[in-house]
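Peer 1: Sequence first, predicted coordinates after that:
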Amino acid sequence: GDGPPPGSKFALLPSDMEYSELKALYINCTLKKSPTLSHTQGLIDLSRRTMESRGVQTNSFRLADFVVPPGMQSDLCLAGPIWLGENSSVMRILMERLYAMSGLLNEQGQYSFYGKVGCTLLSGNEDGVKHAAMGNLYGLQHIGYTIAPQADAGWVGTIGPGLSYLDKGSGGPENDFTNRNTVFMSWNAMHLAALLKKNNFYPPVGNSRRAWDEGDKTGFIPRQSS
């Protein structure tokens, strides 16, 4: 939406918050290739509309349609379906490929994913959102992504065989809990990404892999007092 109505105590955003310079990449880890209907895409589209309303440049693709490129340079939202209570096999392929890139360094000698924000969206028709989200968010922060509060959202419908998110009559797109968490996730990711960008991400003191490997432990290991 367009934000709170005029006069609302929440109407004014911090004057130094800038979102139009941000980019967000959504990777849909559905097992279905385009143009087959993807229920996960419905959640992605809700989050994209939230970010685009504030000028964020967004893009999304299905991993099943492409060979994973050898680099990701945008803030990232991992989105996918749940099968047997777990992330899809496509999601695992993506996480493993991202982990294989975790040794790449940025200009400051830090891991290349430093300063980038990660979050996750899950869909299904039984259970497993929190379980799958835990693995995704842990994996992202482990390789250097920063995780915002409320960094996950999902919809799984009723237990047992049933309608999926975009099926007529499922109630998914109208579900207030899912809509709220998806919007909160999107806004918190924008806020955090803007703050990191404004403050030049993370200072390299104490977390530069290049400095450590070159033997410069200054800022890493405190000197003993004499």
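Peer 2: Yes, it's here. Numbering: from 1, shown residues only.
Peer 1: Not counting sequence-adjacent ones, nearest residue to Ser112?
Peer 2: Leu104 (4.1 Å; C-beta to C-beta, 6 or more residues apart in numbering). In short, each C-beta sits where N, CA and C put it, glycine included.
Peer 1: if I look at that neighbour, how far off is Tyr26?
Peer 2: Distance of Leu104 to Tyr26, computed by C-beta to C-beta, to the nearest Å: 22 Å.
Peer 1: The two: who's more crowded?
Peer 2: Tyr26 (24 against 14; other C-beta atoms under 10 Å).
Peer 1: quick one: average pLDDT of the helix or strand where that one lies?
Peer 2: According to DSSP states H and E, Tyr26 maps onto strand 23-28. Throughout strand 23-28, pLDDT has a mean value of 96.
Peer 1: Give the buried residues for it.
Peer 2: Within strand 23-28, the residues that count as buried by 16 or more other C-beta atoms under 10 Å are Ala24, Leu25, Tyr26, Ile27, Asn28.
Peer 1: As CSV, these with distance to Arg209 would be great.
Peer 2: Output for these, formatted as CSV (distance: C-beta to C-beta, whole Å):
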residue, distance to Arg209
Ala24, 26
Leu25, 24
Tyr26, 28
Ile27, 25
Asn28, 31
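Peer 1: Need the max-distance pair from those residues.
Peer 2: The distance between the two most remote of the buried residues of strand 23-28 (C-beta to C-beta) is 13.2 Å, for Ala24 and Asn28.
Peer 1: my guess is Ala151 is in a strand, correct?
Peer 2: Yes. According to DSSP: H, G, I helix; E, B strand; the rest coil, Ala151 belongs to a strand.
Peer 1: Now do it, the pLDDT please.
Peer 2: 97.
Peer 1: Am I right that it is in contact with Asn188?
Peer 2: Yes. Between Ala151 and Asn188 there is a contact under C-beta atoms under 8 Å: 6.9 Å.
Peer 1: Look at these two and report which has more neighbours.
Peer 2: Ala151 (24 against 17).
Peer 1: how near is that one to Leu122?
Peer 2: 12 Å.
Peer 1: Between the two, which contacts overlap?
Peer 2: Ala133 (C-beta atoms under 8 Å, 6 or more residues apart in numbering).
Peer 1: Pull up the pairing partners for the strand holding Tyr26, direction included.
Peer 2: When pairing is defined by DSSP bridges, strand 23-28 lines up against strand 57-62 (parallel), strand 75-83 (parallel).
Peer 1: picking up where we left off before, where do the contact lists of Ala151 and Asn188 overlap?
Peer 2: Contacts common to Ala151 and Asn188, judged by C-beta under 8 Å, 6+ apart, are Cys119.
Peer 1: Show me which residues of the worst-scoring helix or strand of the chain on mean pLDDT are buried.
Peer 2: The weakest-scoring helix or strand in the chain, judged by mean pLDDT, DSSP states H and E, is strand 75-83 (a mean of 85). Residues of strand 75-83 classed as buried by neighbour count (16+ other C-beta under 10 Å): Asp75, Leu76, Cys77, Leu78, Ala79, Gly80, Pro81, Ile82.
Peer 1: now the end-to-end length of stretch 161-169.
Peer 2: The separation between the terminal residues of stretch 161-169, taken as C-alpha to C-alpha, to the nearest Å, is 14 Å.
Peer 1: what is the mean pLDDT for it?
Peer 2: On average, stretch 161-169 scores 89.
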